[in-house]
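*Asks:* Next one to model:
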Amino acid sequence: MSHSSAAALPTRRTRAGLRAAWVAVALVVASVVLAVIGLGVGSSGLESVWHMLDDPVAAQIVWDIRAPRTLGAFAAGALLGLAGAIAQGLFRNPLADPFLLGSASGATLAVALALAALGISPFAAGWAMRWGMTGAAFAGAVLAVLLTLALARGVQHTLRLLLAGVVVGVVMGALASLVTLSFPATLQAMQAFMLGSTAFIGWQSCGLMAAVWLVCVAVAWAMARVLDGLVLGEATAMSLGLPLAPLRLALVAVLALATGAAVAQTGLIAFVGLAAPHVVRGLVKTTHAWLVVLASLMGGALLMLADTLARGLLAPQELPVGVLTAVIGGGYLLWLMGRGRR
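*Replies:* Numbering: from 1, shown residues only. As a prediction, the model looks like this:
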């Protein structure tokens, strides 16, 4: 390498870092704007915001319903975006999403079993939606990932891990459908869970997801060098002296924790974890140290935007937020594929 080329390399890295920093600032500003807009979207419109100081009911609507829901949507989207960036780097596959290891199907099966066990009365279904389904979804997602690891005999082989995740997802999805067919009265609650919803997020859920996000993003950022090495191939990563087996296991644990925490609070929300890293890569080319952070911010902004639209497009009725994320994320990926072919 010539002296001029060696001197130009730090300059390129500096420019890429500056651009990534500007993208992060833009995403934070956009998220703040979306959060402010989200406080004014609902059945009572902006009137609740204007009368917060002199109307206790309006204040309760904003601070106890809209604010935790808006911030919870950002937290869940941030977890899914982070998990998507980890999954795509871990499997070296741009189509990998947070649910690839069977966590979505595991959560669905656990929720179906919880609804069948708790009963089908309106009171039982409502209680299960708030508490029983939350714990069941998280436990089901984590257990599905553990089963995938057991079938793959660890994390030494990425392809075997990927195939095991697909098998676990198919089998648990079929079992969840069987449970739902056996208890038809649970179909409506199951449909709400599978379409995703932020309506049941409270301040406690926001705090829980924020704490999980802080832990996951810190660990993912610390292991970004492993993801950079895996992108170049396992042989190259091993030549760099990286202990792949324990580090890959730690990344799988972060992936399972982030996905399980988000699914437990919001249900199955599609395309956020898949689309967020792609949108970031379209804005800036950077290493995984920046990518995991930017994808997390992008996922939070995307889900907060979808939640705001879900509440506002047909107000006072609401659309399932999972439908909007599928439309937005799927539309973007189709446009990206069409641009790539051109």
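
*Asks:* Which of the helices or strands spans Val41?
*Replies:* Assigned by DSSP states H and E, Val41 belongs to neither a helix nor a strand.

*Asks:* In this structure it contacts Arg66, no?
*Replies:* Yes: the pair Val41 / Arg66 is scored as a contact, 7.4 Å apart, by Cβ atoms under 8 Å. (C-beta placed from N, C-alpha, C; glycine too.)

*Asks:* Any buried residues in whichever strand or helix holds Trp335, and which?
*Replies:* Secondary structure from DSSP H and E places Trp335 in helix 321-341. Residues 321-322, 324-326, 328-329, 332-333 are the ones in helix 321-341 that count as buried (16 or more other Cβ atoms under 10 Å).

*Asks:* what does stretch 69-84 give?
*Replies:* Neighbour-count burial for stretch 69-84 [16+ other Cβ under 10 Å]: 69-84.

*Asks:* who touches stretch 302-315?
*Replies:* Identification of contacts with stretch 302-315 by Cβ atoms under 8 Å, 6 or more residues apart in numbering yields 31, 34-35, 37-38, 41-43, 45, 69-70, 73-74, 76-77, 80-81, 198, 269, 272, 275-276, 279, 318-321, 323-325, 328-329.

*Asks:* Pull the helix or strand hosting Ala107 out as CSV, backbone CA atoms only.
*Replies:* For Ala107, the host element (DSSP H and E) is helix 103-118. Presented in CSV, the C-alpha positions along helix 103-118 are these (Å, rounded to 0.1, in the frame of the first residue of the first chain):
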residue,chain,number,x,y,z
SER,A,103,-38.7,-16.9,18.7
ALA,A,104,-41.9,-15.7,17.0
SER,A,105,-43.4,-19.2,16.7
GLY,A,106,-42.3,-20.0,20.2
ALA,A,107,-44.0,-16.9,21.5
THR,A,108,-47.1,-17.6,19.5
LEU,A,109,-47.4,-21.2,20.8
ALA,A,110,-46.8,-20.0,24.4
VAL,A,111,-49.5,-17.4,24.1
ALA,A,112,-52.0,-19.8,22.6
LEU,A,113,-51.3,-22.3,25.5
ALA,A,114,-51.7,-19.4,28.0
LEU,A,115,-55.0,-18.4,26.6
ALA,A,116,-56.3,-21.9,26.5
ALA,A,117,-55.2,-22.5,30.1
LEU,A,118,-56.5,-19.2,31.5
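
*Asks:* Output the contacting helices and strands for that helix.
*Replies:* With contacts taken as 3 or more Cβ pairs under 8 Å, 6 or more residues apart in numbering; DSSP states H and E, helix 103-118 sits against helix 122-127, helix 133-151, helix 158-182, helix 187-195, helix 244-266.

*Asks:* which of those has the lowest average pLDDT?
*Replies:* Mean pLDDT is lowest for helix 122-127 among these, at a mean of 44.

*Asks:* Look at Ala315 and give its secondary structure.
*Replies:* The three-state assignment at Ala315 reads coil, by DSSP: H, G, I helix; E, B strand; the rest coil.

*Asks:* sorry, back to before: in helices, which of the contacts of stretch 302-315 appear?
*Replies:* 31, 34-35, 37-38, 69-70, 73-74, 76-77, 80-81, 272, 275-276, 279, 321, 323-325, 328-329 (DSSP state H).

*Asks:* Could you tell me how many residues sit around the nearest residue to Arg153 once chain neighbours are set aside?
*Replies:* Of all residues beyond its chain neighbours, the one nearest Arg153 is Arg160 (7.1 Å), with distances taken as Cβ to Cβ, 6 or more residues apart in numbering. Arg160 has 15 neighbouring residues, counting by other Cβ atoms under 10 Å.
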